[in-house]
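J.: Could you work out the structure for the sequence below:
(2 chains)
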Amino acid sequence: MEPQPLKYDRQLRLWHAHGQQRRHLARICLVNAAAVGAEAVKNLASALSPSSPPPFTVVDDALVSGAHAGRNFFLDRSSIGKPRAEALAALLAELNDEVSGSAVVRSPADIIASSPDFFRQFSLVIATELPENDLRALARICWDADVALVVARAYGFTGYARIVRREHTIIEAHRGPISDFRFDCPFPALASHVASIDHTALDSMASSHLPFVVILIKALAQWRASHNGALPANRNEQAEFKQLVSSFKHPQSVDDENIVEAVANAYRAYTPTKIPADVAAILADPAADSLSPETPDFWLLVAALKRFVAHEGNGLLPVAGSLPDMKSDTDSFVKLQQIYRAKAREDTALVRAHLDHILVAVGRSTDSISDELVDRFCKNSSALAVIRYRSLEDEYTANRGAQYAGDDHSNFYWMLRAADRFRTLHGRLPGTDAALLVEDADKVAAVVADLRSENGLPSTVVPDSHITELVRAGGCELHNIAAIMGGIVSQEVIKLLTHQYVPANHTVVFNGVPSSSSVYQF
Amino acid sequence: MVGAGGIGCELLKNLVMSGFGHIEVVDLDTIDLSNLNRQFLFQSQHIKKSKANVARESALRFNPAADVKSHHASIFEDRFDIGWFRSFDVVLNALDNVAARRHVNMMCMAANVPLIESGTAGYHGQVSIHKRGVAACYDCFPKPVERKTYPVCTIRSTPSEPIHCIVWAKNYLYSSLFGNPEDDTGEIDNAQRSETEANEIKELKVEAEALKKLRENMGHADYGKMVFEKVFNRDIQRLLGMDDLWKTHARPTPLDFDAVRAAMAGFVPADPASLAFDQTVWDLSMTVHVFLERLAAASAKALSERLLEHRKADAACALSFDKDDEPSLNFVTAAANLRARCFHIAARSRFDVKQMAGNIIPAIATTNAIVAGMIVMLAFKVLAGAIGACKNTFVQYGGERTHLLSSEPFAPPSADCSVCSVGSFVLRINTATATLRDVVDKVVASGTFGAGSGRDGLGLCGEITVQSNAGLIHDVEFDDNLGMRLDELGIRHGSKLSITNEDDADASRNVAVALFIEHWDTAAGAEFELVGDRSIKPRPNHTHAAAGAHAAGAKRPVVDDAAADPKGKRPRVDDGIDAAIVLDDDADDDVAVL
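T.: Below you'll find the predicted structure:
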């Protein structure tokens, strides 16, 4: 069933149809219906379309209490005493009549311990309110099953989100407009088109409509002819080159917008065209070498791209084929656009041919990867991204927090870790017994010091005021902080599900007092 | 809370759940299908109902103890006067258009109430604090131009980009065929122009008149063919005859109706509910099919039929383009693409056309959720009396950026801001008995500058200029209106008078003052009361530029590409998707102006 274009119009504008379709394939599991998780799932439910089995599964054996209803918008008073999972699933379904949520009223700890395969059915698990041991066990299950895990937490005025996924590949990083002009290495059709234009013979009107791309290719060719083929290398030469570009202005021309554009883009002309370093690293990745029927499409495409680069591409990526708006008459612009597009099509067809060979070699049919995907991949080949997240196990056993010593925000991470250990040691969260606030603060301070020293960090950095605040929070979720963290978590989940935009790597720490966040790789 | 849309729904939920005691929600809009995916207080049974009222009901379900009042109304209405704004500790904007943002900002600055402003675009968002005398107001710093304009000749004679064809289809063809015929006469007048341009514009007027005449055939079986042949053949033929135009532009190719129809034999239209219909570029047959369908007689899909139907009730009825109305959007897409074909310009999908015609900013639930939460964080600080501790906060796209959220201190107010640096007063006066002379002589000129209270005047005795909402009503050389009563000048409850004083003898009295009129029914004659802070700071650049005056010295006649909106809202910022999600650091500016 196709999604309804009108209802989802606004996010289609951000993700385009293929992103939306990917979201349809998602099956999401929420472990514990704490407010932060409910908010995240609400944001996702508002935008998800029908699919079967139900896209949301809520696992929770808690019964709704007055306190839950007080901070969780989706649990009202009438649901007090009922299973929290069922109350949330019912309300989510009410939000969007095409979304059905299902509830599993069972202890998450029990499922983690006795039926780990349960989590294999999901594409993504959002976990909240899990004690450290259960969380680590769940993280291991998800890691082994290649299921993405997002840990979400709202605690007093602070929040935390951790993304865990073995590998996340992105074709459409949306890092900004891709500009690919090939000024320094115009392909034959482009070179001959530019050579066919005699700019000295143009009248002032035609001259002022000469696209800056043509001006720069001509100017650079002139420059190289008189500089032994070298590009303008230093500041002086670059300034000289800009002078040369300016000299393309027709003496009678009153409109020099195209010259202004050419000068503004001159730096692109003397920056050599090459493969960006992070894309070169992806091309060199072993994942693109050992190909099998199970190799993900992304890596098969990378393998095809690699062959193109080594052969027809002469060390360069396919031409992107898009041109920005520029001062030009329609004719010249359209001609130029056609030349770039034709080359992009040609390059894409070559990548497609390599891909077909690869697909046949690994025993897959050639139509199992669409032309549209190849097209998109080639267009964005200069902005490909791969993230390999650190496992939670690695983080907990060999923490890299030392690099953030002196960063006040990172202290909140250590305090949340300390709260978890406190819970393991004392069977409750700090600050939950009003008679023991001072004692709890001392104990938390000691746990923070232990944790930090275990991880090779100086133990004295966390300010007392932070610890007092942590104890004061008593493990409580504030609705508004849960709402913000729910927003952040769902935002990152959408990036993970659509494979568009670049999600945070790997821990987001939010501090509500100044309303700011930081991203860490502990 | 002003606005109960994407951010507003989240915000109301957070306020209710965070224990805010008294909340009033204002929103003019009704619920639309495209709101449902992210405005979670609304469900399909609420379509066409008031956003403000439904948001209130939904929020109360979760916290019946909350005191929430809703107003299904425009924030521009008189009842939301300075006194109403003053009754709040803080005003929260969750708006989607610049005009309303500017209005609420002006009212908050005049009422001296803190304002928290917000906006989102895709994965970007921002929240900012504004307070008179403390934090820069929304209008302290100039914003980029809100709307794009195009030379008339580019739109009507020599288009070269898809957007030119879309503007033509929406602003010229749609409004000529279905709109109010009086609407579109002003766009090409009142401008200096070259002789060639003047001649061409004369021709264009003839062309437009002919189209309007053609409109009388609406309902005729061949109406679609008539319009098609006029705009895609005869008008193009006429343009082809003007050799001057085609020296720098490619010559257009007229479309032959019969040839096009012949080629459509056996054509099966695509399903209008499919994704492909929305997202892929229609071929010629599909385009022509849609175009004719909208003009056809006795067809439920036809805009002509709809207009004729409306006219039975109201002869002067007109349609106005609404990007969310499918028949209108389909017509504009088809017409724009047929024109593009004539001019050898690439056709666009309906999805793209909607973006360009409606200036849509993509909105998603997740960013709205974050921004609404940030608004509440600032509101906590404002209510705790710690405005100084507030920071403007930004939600960014993430990626390589190490901070998803960041904050920066607010800027101090601009000393020459035409909104928040002027002295603001509520003038209680009987608009049915007091004259403009009473205002100028008694309210403005009498009294002692910088002192007095209540019944005392402002003591401004230089050269006085008075502007009302309608424009200049009094200055040294223009005193015709002095004898008129305020109500005769259109000044009533809720009106604003902008006064500037130029005093050559004493530069400290070069001040600008805004008087917000409160009609005082029982006051006799010129009796008045003036409420506000008497210590008015002089303006560094004493100009006549009273608040909101924009002088646009366009050399060429322009077509105004305001996204026509039946509710009379101003267009949103003209951000394409790409502009809204450009990842340069500068991109934050795009968000700043939302």
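J.: Which residues of the stretch 201-350 of chain A lie near chain B?
T.: Neighbours of chain B within the stretch 201-350 of chain A, by CB under 8 Å from any CB of the partner chain: A:205-206, A:209, A:325, A:329-331, A:333-334. Bear in mind the C-beta positions are built from the backbone N, C-alpha and C, glycine included.
J.: Which members of these are classed as buried?
T.: A:206, A:209, A:329-330, A:333-334 (16 or more other CB atoms under 10 Å in any protein chain shown).
J.: Please tell me how far B:Glu203 sits from chain A.
T.: 21 Å (CB to the nearest CB, to the nearest Å).
J.: what about that residue, how many neighbours?
T.: Using other CB atoms under 10 Å in any protein chain shown, B:Glu203 has 17 other residues around it.
J.: Could you pick out which of the buried ones among the residues of the stretch 201-350 of chain A next to chain B are located in helices?
T.: Mapping those onto helices (DSSP state H) picks out A:206, A:330, A:333-334.
J.: ok so, going back, give me the lowest-pLDDT entry from the residues of the stretch 201-350 of chain A next to chain B.
T.: Scanning those for pLDDT, the low point is A:Thr330. It has 70.
J.: circling back: which pair in the buried ones among the residues of the stretch 201-350 of chain A next to chain B spans the largest distance?
T.: A:Ala206 and A:Val334 (15.3 Å; CB to CB).
J.: what's the spacing between stretch A:500-510 and its chain's center?
T.: 7 Å (CA atoms, centre = their mean, to the nearest Å).
J.: and it with chain B, contact?
T.: Yes. Applying CB under 8 Å from any CB, one finds stretch A:500-510 in contact with chain B at A:501-504, A:508, A:510.
J.: Now the phi/psi pair for the closest residue to A:Asp76 other than its chain neighbours, please.
T.: Distances taken as CB to CB, 6 or more residues apart in numbering or on different chains put B:Phe62 closest to A:Asp76, at 5.3 Å, once the chain neighbours are dropped. Main-chain torsions, B:Phe62, degrees, to the nearest 10: phi -90, psi -20.
J.: B:Thr30 now?
T.: phi -110, psi 160.
J.: Same question for A:Leu149.
T.: Dihedral angles (degrees, to the nearest 10) for A:Leu149: phi -130, psi 130.
J.: try A:Pro211
T.: Dihedral angles (degrees, to the nearest 10) for A:Pro211: phi -60, psi 150.
J.: Check whether it really touches A:Met326, as I assumed.
T.: Yes. With contacts counted by CB atoms under 8 Å, A:Pro211 reaches A:Met326, the gap being 5.3 Å.
J.: which residues are in contact with both of these two?
T.: Taking CB atoms under 8 Å, 6 or more residues apart in numbering or on different chains as the criterion, A:Pro211 and A:Met326 both touch A:258, A:333.
J.: In terms of neighbours, single out the busier of these two.
T.: A:Pro211 (23 against 18).
J.: quick one, what contacts that one?
T.: Contact analysis of A:Pro211 by CB under 8 Å, 6+ apart lists A:258, A:326-328, A:332-333, A:336.
J.: ok, so what distance separates it from chain B?
T.: Using CB to the nearest CB, one gets 13 Å for the distance from A:Pro211 to chain B.
J.: Look up the closest residue to that residue, ignoring the ones flanking it.
T.: A:Ser328 (4.2 Å).
J.: just B:Thr253 next, same as before
T.: Closest to B:Thr253 by CB to CB, 6+ apart is B:Cys342, at 5.8 Å.
J.: now do B:Arg350
T.: Excluding its sequence neighbours, the residue lying closest to B:Arg350 (CB to CB, 6+ apart) is B:Thr333, at 4.5 Å.
J.: any idea how far that neighbour lies from B:Ala347?
T.: For B:Thr333, the distance to B:Ala347 (CB to CB, to the nearest Å) stands at 9 Å.
J.: Give the residues shared as contacts by those two.
T.: The contact lists of B:Thr333 and B:Ala347 share B:282, B:287, where a contact means CB under 8 Å, 6+ apart.
J.: For the two, indicate the residue with more neighbours.
T.: Using other CB under 10 Å, the more surrounded residue of B:Thr333 and B:Ala347 is B:Thr333, with 28 against 21.
J.: tell me which element the more buried one is part of?
T.: Using DSSP states H and E, the element containing B:Thr333 is helix B:326-342.
J.: pull the CA atoms of the very next helix or strand once past that helix into PDB?
T.: The first helix or strand that comes after helix B:326-342 along the chain, using DSSP H and E, is helix B:350-358. This file holds the C-alpha atoms of helix B:350-358, laid out as PDB (Å, rounded to 0.1, in the frame of the first residue of the first chain):
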ATOM      1  CA  ARG B 350       3.500  18.500  -8.600                       C
ATOM      2  CA  PHE B 351       5.500  18.000  -5.400                       C
ATOM      3  CA  ASP B 352       8.100  20.500  -6.500                       C
ATOM      4  CA  VAL B 353       5.500  23.000  -7.800                       C
ATOM      5  CA  LYS B 354       3.800  22.900  -4.400                       C
ATOM      6  CA  GLN B 355       7.100  23.700  -2.700                       C
ATOM      7  CA  MET B 356       7.700  26.700  -5.000                       C
ATOM      8  CA  ALA B 357       4.200  28.000  -5.200                       C
ATOM      9  CA  GLY B 358       3.500  27.700  -1.500                       C
END
